[in-house]
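Undergrad: sequence? don't have it. structure:
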């Protein structure tokens, strides 16, 4: 994917570790991709709302022309 095309895909939970004494939670997600895939870069994002879009684009009426980072 040398073109820079964005293809949103879901990752699936693999491992969940709950430490009730330390009040922490750790999750491992897995995504399988073939070694021969033409993939150049992979980015992982986390979104709490399952109905939220996987990709968010800045509004075209943004006048200050600064890059907008929206992380889920």
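TA: Great, that's in hand. In this text, all values refer to a predicted model and were calculated from it rather than measured experimentally.

Undergrad: The protein: strands as residue ranges?
TA: Applying DSSP state E to the chain gives strands spanning 12-19, 24-30.

Undergrad: now the angle between strand 12-19 and the last one, please.
TA: The one in question is strand 24-30. Strand 24-30 runs at 160 degrees relative to strand 12-19, counting by axes from the mean of the first three to the mean of the last three CA atoms, to 10 degrees.

Undergrad: Sheet-wise, list the partners of strand 24-30 with their directions.
TA: strand 12-19 (antiparallel) (DSSP bridges).

Undergrad: any idea of the mean pLDDT for the strand it pairs with?
TA: Averaging pLDDT along strand 12-19 yields 92.

Undergrad: which of the residues in it are buried?
TA: Neighbour counts over strand 12-19 (16 or more other CB atoms under 10 Å) mark no residue as buried. Using the backbone N, CA and C atoms, a C-beta is placed for each residue, glycine as well.

Undergrad: Among the strands of the chain, which comes closest to residue 3?
TA: When these are compared for distance to residue 3 using CB to CB, the nearest one is strand 24-30, at 25.6 Å.

Undergrad: Low-confidence stretches in this structure?
TA: 1-2, 54-72 (pLDDT under 70).

Undergrad: make it 90
TA: 1-13, 29-72 (pLDDT under 90).

Undergrad: Phi, psi for the most centrally placed residue in the chain please.
TA: The centroid of the chain falls nearest to residue 45 when counting by CA atoms, centre = their mean (2.0 Å). For residue 45, the backbone dihedrals (degrees, to the nearest 10) come out as phi -130, psi 150.

Undergrad: ok so, going back, now distance to residue 36 too, for the strands of the chain, in TSV please.
TA: Shown next, in TSV, are these (distance: least, CB to CB, whole Å):
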stretch	distance to residue 36
strand 12-19	22
strand 24-30	19
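
Undergrad: returning to that earlier point: can you tell me how far the residue nearest to the centre of the chain is from residue 19?
TA: Counting by CB to CB, to the nearest Å, the separation of residue 45 from residue 19 is 25 Å.
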